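Participant: Sharing a model prediction with you, sequence too.
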Amino acid sequence: MFCYQCEQTAKGEGCTISGVCGKKPETAALQDLLVYSLIGLSEVAVEGRLYGVVGHEYDAFTVKALFTTLTNVNFDDANLAEYVNRAVVLREQLKYRLKAAGSKAEFTDAPATFKPAADLNGLIEQGRNVGLKSDVFAADENIRSLQHITLFGIKGVAAYADHAMILGQEDKKVFEYIYDGLTAMRNRKLGLNDWVGLALKCGEINIRAMELLDAGNTGTYGHPTITKVPLGAKKGKAILISGHDLKDLEMLLKQTEGKGINIYTHGEMLPAHAYPELKKYSHFYGHYGTAWQNQITEFAAFPGPIVMTTNCIQKPRDSYLGSIYTMGSVAWPGAVHIKNDNYDQVIKKALEMPGFTEDKPGKEVLVGFGRNTVLSVAPAVIDAVKNKQLRHFFLVAGCDGAKPGRNYYTEFVEKVPQDCVVLTLACGKFRFFDKDLGAIGGIPRLLDVGQCNDAYSAVKIAMALADAFKVGVNDLPLSMIISWYEQKAAAILLSLLYLGIKDIRLGPSLPAFITPAVLDVLVKNFNIMPISTPEQDLKAILG
């Protein structure tokens, strides 16, 4: 086993015995084999595109299959084996269609010809030979580093594309890049500059994928509005929903209406409370818990069933394995997987479990500061800057995690001067989301832009402010303090680099898959840097 796609990888180098995330070597091998099979499918799809034989079925499968290989998504070996076999079936179908369409292409590369083993053990053994350190990738460590950066970015793009596709939003350009990027992994003629270009292209395509997702979310549920969300509990039966997918939440709200069950969000679902078409449900009550890495203790104490949508699942404790349900790309052995948006089993479980036996008052937090909300007060923001009431903006955003050093982000926000505003998004905000930072001229000093899926909003806010001040984004009084964990974050970072944004501070540690030589390129071109201490970084930024 070798996996180093997440920030918490063992010793900051790579997981070789078992994943820090809980992924077993067998699961890792199957995920590697799935990526390998998708490279083969992509090689055929690139040719298939020329003959118009690559339909929606192939695009949808590819992004969903890639999504299952992200950190904390799919831990079910049997399910992963099904994906591998399906990838090969689709690959061979495409070959047949190409031949019928008149193509003379011969596919001789190993990923495009490999035959999956007949049983699970055989597939696992095949997967052990096609991992990140195998000859599937380039021998040169710096080219391989850029290949892996691009691969992990493509995984993030696939996740956003899958989210968007669920809401009816898609663009052929996104799928075409994914096929091209995966196929390029086998092209030994590409040099360092080529791979830098492919990595930045990944960032460009990711912006498009996030734009599609934003259009799906806001077009379906309306633009977020400022909303107070209770962090306490209400007496009564309860269901907890975590992850990112708003459609899953909508279906749950519809099916539980009038059943005396209160719905609570967890983790990245918190911003859902700000969408007009979701907040209209009277039993959509509040938020429970914090970030994904705390779910083991938080889920164990929740008195109702838990639904996991999209990524961020951890190994469930035995105490609540029987009351946790998965959806979409998420899978855990022993957990019931919901199909066709049918929540009957979850509802039945909620009515059987005790729920909250009494009201538990708690704090309230503000959400709903998407781009429409923030830009609606842009004139006041501009005036505050010109009048020197507002000195600087900090985007303190990204993923949370359990690794030591993440308290940096809490301390940073606490030490930000009173004449500065903090924008935040993704689960990293749970380090400080319930702090009262006050306001500047009626503008809250802590603005929750939303999920990691809402990074597009932050980009649009930055670009709109740059236009308003008639300067480039890098000339704004804006600094980005980013925490990363998994592959969506890798895709977002590539997007920021594609946009030419410089001086990003990244932590709590730099990715293990970036070699010193590749890091040197990033530093020289973008002045990307590791975080140090809150005091030192604030002094360097503000002077």
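Facilitator: Thanks, I have it.

Participant: quick one: what helix or strand has Ile263 in it?
Facilitator: Assessed by DSSP states H and E, Ile263 sits inside strand 261-265.

Participant: In this structure, where is pLDDT below threshold?
Facilitator: Applying pLDDT under 70 to the chain flags no residue at all.

Participant: can you name the farthest residue from the center of it?
Facilitator: Distance from the centre of the chain peaks at Gly102, with 40.0 Å (Cα atoms, centre = their mean).

Participant: Would you quantify the distance from that one to Tyr179?
Facilitator: 20 Å (Cβ to Cβ, to the nearest Å). Bear in mind the C-beta positions are built from the backbone N, C-alpha and C, glycine included.

Participant: Check Gln255 too.
Facilitator: Going from Gln255 to Tyr179 by Cβ to Cβ gives 37 Å.

Participant: surely Ile313 meets Thr326?
Facilitator: Yes - here Ile313 reaches Thr326: they are 6.9 Å apart, a contact under Cβ atoms under 8 Å.

Participant: which neighbours do those two share?
Facilitator: Common neighbours of Ile313 and Thr326, using Cβ atoms under 8 Å, 6 or more residues apart in numbering, are Trp332.

Participant: quick one: the helices in the stretch 51-200 of the chain?
Facilitator: With DSSP state H, counting those that start in this stretch as the criterion, the stretch 51-200 of the chain has helices at 56-67, 77-101, 110-113, 120-127, 141-166, 172-184, 192-221.

Participant: now those helices as a markdown table including mean neighbour count?
Facilitator: Formatted as a markdown table, those follow (neighbours: other Cβ atoms under 10 Å):
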| stretch | mean neighbour count |
| --- | --- |
| helix 56-67 | 20 |
| helix 77-101 | 18 |
| helix 110-113 | 18 |
| helix 120-127 | 18 |
| helix 141-166 | 25 |
| helix 172-184 | 20 |
| helix 192-221 | 21 |
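
Participant: Now render the ones you listed as CSV, adding distance to Gly243.
Facilitator: Listed next are the helices of the stretch 51-200 of the chain as CSV, based on distance: least, Cβ to Cβ, whole Å:
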stretch, distance to Gly243
helix 56-67, 12
helix 77-101, 17
helix 110-113, 31
helix 120-127, 26
helix 141-166, 10
helix 172-184, 21
helix 192-221, 14
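
Participant: Of all those helices, which one is nearest Leu30?
Facilitator: Closest approach to Leu30 among the helices of the stretch 51-200 of the chain (Cβ to Cβ): helix 77-101, 4.1 Å.

Participant: re earlier: what lies in contact with the strand holding Ile263?
Facilitator: Strand 261-265 is contacted from outside by 229, 233-234, 236-242, 249, 252-253, 256, 272-273, 281, 283-288, 302, 304, 347, 350-351, 355-356, using Cβ under 8 Å, 6+ apart.

Participant: Can you tell me how far Leu476 is from Leu390?
Facilitator: In terms of Cβ to Cβ, Leu476 sits 12 Å off from Leu390.

Participant: oh, I was asking about Asp454
Facilitator: In terms of Cβ to Cβ, Asp454 sits 22 Å off from Leu390.

Participant: So between the two, which is more surrounded?
Facilitator: Neighbours were counted for Asp454 and for Leu390 using other Cβ atoms under 10 Å; Asp454 has more, 26 against 21.

Participant: Great, nothing more from me.
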